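> just coords:
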């Protein structure tokens, strides 16, 4: 199932054309409006480069993981506060404040809707959201579910409330962070209840990395199928990378993020498949807080075989993902 079949099956040449157009706009916008990138480009003696093809992105400096973690979000901000529609605090793997325009929120919701559809969420699905609804990612998930026509049930962070709603509804999907989901399962079993006895068949884990070491454990204890959804506090978004029902690697939302794989500890670009490197992402549609060549620290490698789901978006894998984790 697709939420945006046209984009998810876009021809590679057309995708590259779209990426280049959006990359030029993003770099120009950041160079003009972002205090962080104004300073960074000045410090490195870089004027706004001419980007004639996607490979010209190497003319731009990396934004290091340390910079992304330690620089206040306000220094990435490109707009006055009057243009911001949402301010949110992301907590994992570190605290980060993010600012969103209406278009940023719409883009995030659209990306999450793709991830949900790829996991088999339909109009018939009843989805419980486990967590604090001040969580920007969960807010986007609720909007995406409503856009898909599915039933969304905010379960909150309170165990008694969540288990009561779970028992009173035909919830067949749970969404939440891997840690929170595991705590919920353990607390339920301590209370004499077993999630495996409920109608829940799928769990969508919001994870800080592409690997989810708790996946197999959660699946065994709940008798469900777990999908990993990359939750990045650095980029303040869900749906950047997501699993489809084939469970082989994760698709990249390439129309919103330009991915690169870079050799660890260097600036060498890896273009070969099955060669491990660090994932580097550049936002292509972010208005409020664009990030250029952000080093994520995530180890990944490309998969070059077509995905059974029919999506043409780049797929990335990790060592544990290769063995079904």
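Ah, there it is. Predicted model only: the values in this text are computed from it and were never measured. Residues are numbered from 1 along each chain as shown.

> buried sites along stretch 228-246?
Under the neighbour-count criterion of 16 or more other CB atoms under 10 Å, stretch 228-246 has 228-244 buried. Using the backbone N, CA and C atoms, a C-beta is placed for each residue, glycine as well.

> actually stretch 33-40, not the one I wrote
Those would be 33-34, 36-37, 40, for stretch 33-40 by 16+ other CB under 10 Å.

> if we can go back for a sec, in strands, which of the buried residues of stretch 228-246 appear?
Those of the buried residues of stretch 228-246 mapping onto strands are 228-230, 241-242, per DSSP state E.

> report the distance from stretch 44-58 to the chain centre.
Its chain's C-alpha centre and that of stretch 44-58 lie 26 Å apart, by CA atoms, centre = their mean, to the nearest Å.

> hmm, I was thinking of stretch 198-208
For stretch 198-208 - counting by CA atoms, centre = their mean - the centre lies 16 Å from the chain centre.

> quick one: end-to-end distance for it.
Start-to-end span of stretch 198-208 (CA to CA, to the nearest Å) is 27 Å.

> give me the residues contacting it.
Stretch 198-208 is contacted by residues 92-93, 115-116, 119-120, 128, 137, 166-167, 170-178, 181, 212, 214-215, 218-219, 222, 224-233, 238 when judged by CB atoms under 8 Å, 6 or more residues apart in numbering.

> and stretch 288-295, by the same measure?
26-27, 29-30, 34, 37, 57, 60-65, 68, 73, 76-79, 83-84, 98-101, 104, 234-236, 260, 262, 278, 280-283.

> apply 6 Å and report the result again.
Stretch 288-295 is contacted by residues 26, 30, 60, 62-65, 68, 76, 79, 99-101, 104, 280-283 when judged by CB atoms under 6 Å, 6 or more residues apart in numbering.

> filter the residues you listed to the buried ones?
Buried among those (16+ other CB under 10 Å): 26, 30, 60, 62-63, 68, 76, 99-101, 104, 280-283.

> strands of the stretch 51-200 of the chain, residue ranges please.
For the stretch 51-200 of the chain, applying DSSP state E, counting those that start in this stretch gives strands covering 86-90, 96-100, 126-130, 151-156, 173-177.

> residues contacting residue 224?
Counting by CB under 6 Å, 6+ apart, the residues that residue 224 touches are 200-203.

> so can I have TSV of those residues showing neighbour count?
Formatted as TSV, these follow (neighbours: other CB atoms under 10 Å):
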residue	neighbour count
200	20
201	15
202	19
203	25
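
> hmm, which two among those are most spread apart?
201 and 203 (8.7 Å; CB to CB).

> starting at the chain centroid, how far to the longest strand seen in the chain?
Under DSSP E, the strand in the chain containing the largest number of residues is strand 294-303. Relative to the centre of its chain, strand 294-303 is centred 13 Å away, using CA atoms, centre = their mean.

> now stretch 105-125
12 Å.

> could I get the average pLDDT for that stretch?
Mean pLDDT, stretch 105-125: 97.

> buried sites along stretch 142-159?
Result for stretch 142-159 [16+ other CB under 10 Å]: buried residues 142-145, 148, 150-157, 159.

> do you know the pLDDT at residue 132?
89.

> which of the ones in strands among the buried residues of stretch 228-246 sits closest to residue 53?
Among these, residue 241 lies closest to residue 53 (CB to CB), at 24.3 Å.

> might you report the residue contacts of that closest one?
Neighbours of residue 241 in contact, by CB under 6 Å, 6+ apart: 230, 250, 252.

> what sits closest to the first one if chain neighbours are left out?
I take that to be residue 230. Excluding the flanking residues, the one nearest residue 230 by CB to CB, 6 or more residues apart in numbering is residue 241, at 4.2 Å.

> against residue 43, how distant is that neighbour?
Using CB to CB, to the nearest Å, we find residue 241 at a distance of 31 Å from residue 43.

> next one: the residue in the chain sticking out farthest from the centre from residue 163, what distance?
Distance from the centre of the chain peaks at residue 192, with 34.6 Å (CA atoms, centre = their mean). For residue 192, the distance to residue 163 equals 11 Å [CB to CB].

> brilliant, that's me finished.
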